[in-house]
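Pasting a predicted model and its sequence here:
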Amino acid sequence: MKTSNVLVLIFVLLYINASTEWPMHTVCKEDDLEIHYKSCDPHQDFALSIDRCSDVTTHTFNIRAAIVLRHSIKELYVKVDLIINGKTILTYSDTLCGPGHDKLIFCGKKKGEHLYYEGPVTLGIKEIPQGDYTISAKLTNEDRVTVACADFTVKNYLEY
């Protein structure tokens, strides 16, 4: 009996180490709008949800997000790519945390801390582009180490 338990444990540990992809998560799904995401960091997944999918079409909507930091955030940079048919169409980058750039409440958080945010988010755009596309977002710290990374799949057929 002990041998079979040890074999099962070894199999589980090997399977976990061999798997480098996280599952696809559904942020929201309604008739004309679907948003899914998958962590592109092979070492860590995170949680994200939106109260109502239809709220995304408004200027501001409520989210819940959680992650356990694997790296401290003294400085934090974001890079976002809009990808259509496998080609990067638009790239946006910004400094979110750093000297004189503390735009977020979790700037200065340390490795191992649990980050949880529940509240409003403003996209800064009036309409979500229609069609099927991917938004790739990556957060890196001052050492250029990935803090969080996700590929969002959007299917938007809403009429504005």
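Looks like it arrived, so ask away.

Where does residue 56 sit: helix, strand or coil?
helix (DSSP: H, G, I helix; E, B strand; the rest coil).

how far away is it from residue 70?
Taking C-beta to C-beta, to the nearest Å as the measure, residue 56 falls 28 Å from residue 70. Heads up, the C-betas are built off the backbone N, CA and C, glycines and all.

For stretch 100-120, measure first residue to last.
23 Å (C-alpha to C-alpha, to the nearest Å).

who's more crowded, residue 56 and residue 70?
Comparing residue 56 with residue 70 by other C-beta atoms under 10 Å, the one with more neighbours is residue 56, at 21 against 15.

Thought residue 34 was touching that one, still the case?
No. If you go by C-beta atoms under 8 Å, residue 56 and residue 34 don't touch, sitting 10.6 Å apart.

Which residues are in contact with each of those two?
Both residue 56 and residue 34 are contacted by residue 28, under the criterion C-beta atoms under 8 Å, 6 or more residues apart in numbering.

For the helix or strand hosting residue 61, buried residues please.
Residue 61 belongs to strand 60-68 when assigned by DSSP states H and E. Within strand 60-68, the residues that count as buried by 16 or more other C-beta atoms under 10 Å are 61, 63, 65, 67.
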